[in-house]
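1. got a predicted model here, sequence first, then my questions.
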Amino acid sequence: MPGSFGLVIKLLLSVMCVLALTGSVRPSNLQETLMRGDITMVSRNSPTTYYEDRSGVTGYEYELAKSFADYLGVELKVVLADSTADIFPMLDKGQAAFAAAGLTVTSERQRRAHFAPPYLTSSGQIIYRRGGLKPKAIADLSQGQLVVAAQSSHSQRLRALQANELPELTWSEGTDLEVSDLLQMVATGNIDFTVVDSNEFRMLQAYFPNLAIAFDITEKQNVAWAFEHSRDNSLHLAAEEFFNLPQTQAKLLRLSERFYGHLDQLNYVGAKRFLRQTEKKLDRYKKEFIEAGEQHQFDWRLLAAMGYQESHWNPRAKSFTGVRGLMMLTRNTAKELGIENRLDPKQSIEGGSRYLAKLRKRLGSEVQEPDRTWMAMAAYNVGYGHLRDARKLTQKMGGDPNLWHDVMETLPLLSLKRYYRETTHGYARGQEPVDYVQNIRRYYDVLVWQDEQHPVFPQEEESLMVSSSAVTVIPPLL
Ligand code: GLU
């Protein structure tokens, strides 16, 4: 899609420029953007919007906005707001052309900004700490301390509830608190409840296993990009066109798989056990994972996540099929790799990583990262032959054999006769590699999160205390 739009518009532009130079027409915002060659978005730093990972900046909003910039044929620039409260003022001041920050479309905001077509829906959810106060209805919220992000859609919803149904409702608002700060405050017992978006909580829940959803305080609401409310709506119209493209709809599906597709894998028990094990065991093998990662070009945290999925980091693990060791190698694979002792954690980690690298290489560069790594992992689990069968089947069924999203859908079919009858390698328990990969991705997310200095059960931090000056208490209506 890069430049497809830009080219036509640039031709138009040259004409417009002449007119502009002669003083008869002022270029529109869109034309100015195209002439300048860049567009700025304002976002906030969160795993659902914009963040940095090992390969640079990413995030659902960022990737989507990058496609929009490509479509216009311009460069994407990003400015970050400290919190949700800063986003609309930044837009008003012209510091960005649009806001892509997981913004809920509310009627109050619609008076202030133009929203592009929605790309997601989410609801506002009351979050509480397991073992703490558990509210059953909105009226129970007064029993504890509720804090939400200032000027967020949640604060708007609480105001509406206070005005219409529950005049005694009280809560506090923090102006420089991000969603993860709020969750951390509930997790550590600084406050009792908060409200966050359902999609955001789904993403963050594994990092805070002691938090749970009490109930929703809104229906599903649209989430969309916001453009400044001016008479010149040329950029907004370009965004509308962009969202209506079939390529954009396909991109949205891919982004959903990439950022949300593996999230439901880790339940409460699984998340708690994983966190306990990282504290108890990971340090013992970290050095080996780092070395193997450097040697075979993998993020060590991905290998560690895989080791956990394979054996819960138990170097003496053994399955009934005779697969053994921390990375659960078969006797044949170990032999092929020249491994002498499968039970030696160092040999197992290095050998397993080398084998994974071999599978990744075998897949070839037509499968792009990160899908290539996910497929190599699926092959590690189910065997390369079955993966190849699943990719062929994917193609036959009209899917894209180079996308993990599509292959993941066909892998489970390998256990049904009417499908495996036609394949080279026959029957496979195809659901297993899917669960395997999705679990690893989830563990990996948690390891990255921990590694980037987000202690999961932190000591109380001054900056997160409710008494901080950044918090305003909303009193009951009189
Ligand atoms: N959806 C929220 C809003 O539109 C943003 C996230 C938050 O601050 O909780 O205000």
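-> Looks like it came in fine.
2. need the pLDDT of Lys417.
-> The score at Lys417 is 76. That number is its pLDDT.
3. oh, I was asking about Arg254
-> 86.
4. do you know how far it is from Leu64?
-> 10 Å (C-beta to C-beta, to the nearest Å). Placement of C-beta: from N, CA and C, glycine included.
5. quick one, which of the two is more surrounded?
-> Between Arg254 and Leu64, counting by other C-beta atoms under 10 Å, Leu64 is the more crowded of the two (22 against 17).
6. could you find the closest non-adjacent residue to the more buried one?
-> Excluding the flanking residues, the one nearest Leu64 by C-beta to C-beta, 6 or more residues apart in numbering is Leu255, at 6.2 Å.
7. what strand or helix carries the one you found?
-> Following DSSP states H and E, one finds Leu255 within helix 246-260.
8. and that helix, what other elements does it pack with?
-> Here helix 246-260 touches helix 60-72, helix 198-204, helix 404-410, going by 3 or more C-beta pairs under 8 Å, 6 or more residues apart in numbering; DSSP states H and E.
9. ok, and what's touching the first one?
-> Think helix 60-72. Residues from elsewhere that reach helix 60-72 (C-beta atoms under 8 Å, 6 or more residues apart in numbering): 1-6, 9, 30, 33-34, 38-39, 41, 43, 48-50, 75-76, 78, 98, 100-102, 119, 225, 238-239, 242, 245, 248, 251-252, 255, 258-259.
10. for the residue nearest to Gln95 when sequence neighbours are not counted, list each beta-bridge partner.
-> Distance criterion C-beta to C-beta, 6+ apart; nearest residue to Gln95, sequence neighbours excluded, is Val79 at 6.0 Å. In this structure, Val79 bridges to Val42 when assessed by DSSP bridges.
11. now do the contacts for Val79.
-> 40-43, 90, 95-96.
12. any of the residues you listed buried? List them.
-> Buried by 16 or more other C-beta atoms under 10 Å: 40-43, 90, 96, out of the contacts of Val79.
13. for the residues you listed, give me CSV that also has pLDDT and distance to the ligand.
-> Output for those, formatted as CSV (pLDDT from 0 to 100; distance: C-beta to the nearest ligand atom, whole Å):
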residue, pLDDT, distance to the ligand
Thr40, 97, 20
Met41, 98, 15
Val42, 97, 13
Ser43, 95, 11
Met90, 95, 14
Ala96, 96, 16
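14. ok, Leu204 touching Asp181?
-> No: using C-beta atoms under 8 Å, Leu204 makes no contact with Asp181, being 11.1 Å away.
15. rewinding a little: nearest to His114 among the contacts of Val79?
-> Nearest to His114 among the contacts of Val79 is Ala96, at 13.6 Å by C-beta to C-beta.
16. isn't there a strand covering the closest one?
-> No: per DSSP: H, G, I helix; E, B strand; the rest coil, Ala96 lies outside any strand segment and is coil.
17. which residues touch it?
-> Ala96 sits in contact with 40-42, 79, 90, where contact means C-beta under 8 Å, 6+ apart.
18. how close does the nearest residue to it once chain neighbours are set aside sit to Phe88?
-> Nearest residue to Ala96 in three dimensions, chain neighbours excluded: Val42, at 3.7 Å (C-beta to C-beta, 6+ apart). Using C-beta to C-beta, we find Val42 at a distance of 9 Å from Phe88.
19. can you work out which residues contact both of those two?
-> Shared contacts of Val42 and Phe88, counting by C-beta under 8 Å, 6+ apart, come down to Ala99.
20. so which of the contacts of Ala96 comes closest to Trp404?
-> Once C-beta to C-beta is applied, the member of the contacts of Ala96 that ends up nearest Trp404 is Met41, at 27.2 Å.
21. now do the closest residue to Pro345 other than its chain neighbours, the pLDDT please.
-> Take Pro345 and drop its neighbours on the chain: the residue closest to it by C-beta to C-beta, 6+ apart is Pro315, 4.1 Å away. Per-residue confidence for Pro315 comes out at a pLDDT of 93.
22. surely Pro315 meets Ser348?
-> Yes: counting by C-beta under 8 Å, Ser348 is a contact partner of Pro315 at 6.6 Å.
23. okay, these two: which has more neighbours?
-> The neighbour comparison of Pro315 against Ser348 (other C-beta under 10 Å) goes to Ser348, with 28 against 20.
24. gap between that one and the ligand?
-> 43 Å (C-beta to the nearest ligand atom, to the nearest Å).
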